[in-house]
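In: 3D, please:
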Amino acid sequence: MVADPAPPRSLPRRRPARAGGLWGIRTPLPRGARWTLMALSVLVPLVAWQAFSMVVDGRPDYLPGPYEAVGAGVEMARSGMLFTDAWATVARVLQGFGLAVLVSVPLGIVMGSFPAGQALLEPLVGLLRYLPASAFIPLLIIWLGLGEPSKVALLFLAAFFFNTLMTADAVRQVPLSLIDVSYTLGARRGEVLRKVIVPYALPGMLDSIRVNAAASWSFVVVAELIASESGLGYRIVRAQRFNQIDRIFAALVVIALIGLAIDLLLRLARDRVGRWV
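Out: I've put the predicted structure just below:
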């Protein structure tokens, strides 16, 4: 008898070729090229800023350059007002945004895990997210006055609704097969939430927090327009009254640097708790 021919050997899979070079799609960059591009992303805007400050209306005081802004910042730091204002702004963001995270994350987990929670909460939260937080300022002043509570409440509203929905979306990314296997192995509902859903969705939830932290940080200037006596937003408004444009730019630079530091810290936390992603 003639033996059956051996089945053809399958060829090893090869990754599809991708266009390389500096602008290859999802192609890793060499370390030198990465650092060069990162340096250019900072240096080019600084050079353009300096050039515009020298030619706009022929008035350098109309658009101070980077050197003048840094000088104004150093002067404000020596007087102590820069650190006082920066801490006042950071404290408001920590209170308002921190409270929003404490409330929105559990609600988002409920909405993403339970269809009943989604049906009960998502219509209202989805509707209210389209109301701009700044539209609540008159009501907050009437209800909470001109003090710190109204500012903290505004920052809370700026992040709460979006963070709730984005947390729910992150929870819905948990594969249903993992939940089914957990129940098959005898896990209870609370154990599935604590040991499967929350760990799997935690990196996505931290990404949501990182995105919405930027929203709260951008609203802090608006919050500090409500009868403030300290804060970087207050300092910007005060500098505008006296035409101190260099101080306005100095405060803006500080706001950007603190916001970047918050973003990097949250990104580092995401990478550490979600290394398996």
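In: Which stretches in the stretch 151-277 of the chain count as strands?
Out: For the stretch 151-277 of the chain, strands defined by DSSP state E, counting those that start in this stretch do not occur.
In: I meant the stretch 1-150 of the chain, not that one.
Out: In the stretch 1-150 of the chain, no segments count as strands under DSSP E, counting those that start in this stretch.
In: In it, mark out all the helices, start to finish.
Out: In the stretch 1-150 of the chain, the segments counted as helices under DSSP state H, counting those that start in this stretch are 31-55, 66-79, 81-113, 115-128, 137-144, 148-172.
In: Which residue, other than its chain neighbours, is closest to the spatially most central residue of the chain?
Out: Residue closest to the average C-alpha location in the chain (Cα atoms, centre = their mean): residue 211, at 2.7 Å. Among residues not flanking residue 211 along the chain, residue 166 sits closest, at 7.0 Å (Cβ to Cβ, 6 or more residues apart in numbering). For the C-beta atoms, the positions are set from N, CA and C on the backbone; glycine is no exception.
In: wait, the residue nearest to the centre of the chain sits on residue 169?
Out: No. Contact criterion Cβ atoms under 8 Å: residue 211 and residue 169 do not qualify, at 11.6 Å.
In: Mind putting the helices of the stretch 1-150 of the chain into CSV with distance to residue 251, mean pLDDT and mean neighbour count?
Out: Converted to CSV, the helices of the stretch 1-150 of the chain look like this (distance: least, Cβ to Cβ, whole Å; pLDDT from 0 to 100; neighbours: other Cβ atoms under 10 Å):
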stretch, distance to residue 251, mean pLDDT, mean neighbour count
helix 31-55, 16, 88, 11
helix 66-79, 8, 91, 16
helix 81-113, 7, 94, 20
helix 115-128, 31, 93, 13
helix 137-144, 21, 90, 14
helix 148-172, 17, 94, 23
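In: And those helices: which comes nearest residue 245?
Out: helix 66-79 (8.6 Å; Cβ to Cβ).
In: So which residues make contact with that closest one?
Out: 46, 49-50, 53, 60, 64, 82-83, 235, 244, 246-247, 249-250, 253-254 (Cβ atoms under 8 Å, 6 or more residues apart in numbering).
In: how far is it from where the chain is centred?
Out: Helix 66-79 sits 27 Å away from the centroid of its parent chain (Cα atoms, centre = their mean, to the nearest Å).
In: Next: stretch 194-213.
Out: So, by Cα atoms, centre = their mean, the centroid of stretch 194-213 is 13 Å from its chain's centroid.
In: What of stretch 206-221?
Out: How far stretch 206-221 lies from its chain's middle: 4 Å, per Cα atoms, centre = their mean.
In: Run through who's touching that stretch.
Out: With Cβ under 8 Å, 6+ apart, stretch 206-221 has contacts from 89, 92-93, 96-97, 100-101, 105, 108, 133-134, 154-155, 158-159, 162-163, 166-167, 169-170, 231-233, 236, 255, 258-259, 262-263, 266-267, 269-270, 273-274.
In: do stretch 167-185 as well
Out: Under the contact criterion Cβ under 8 Å, 6+ apart, stretch 167-185 has outside partners 104-105, 107-109, 111-113, 118, 122, 191-192, 195-197, 200-201, 204-205, 207-208.
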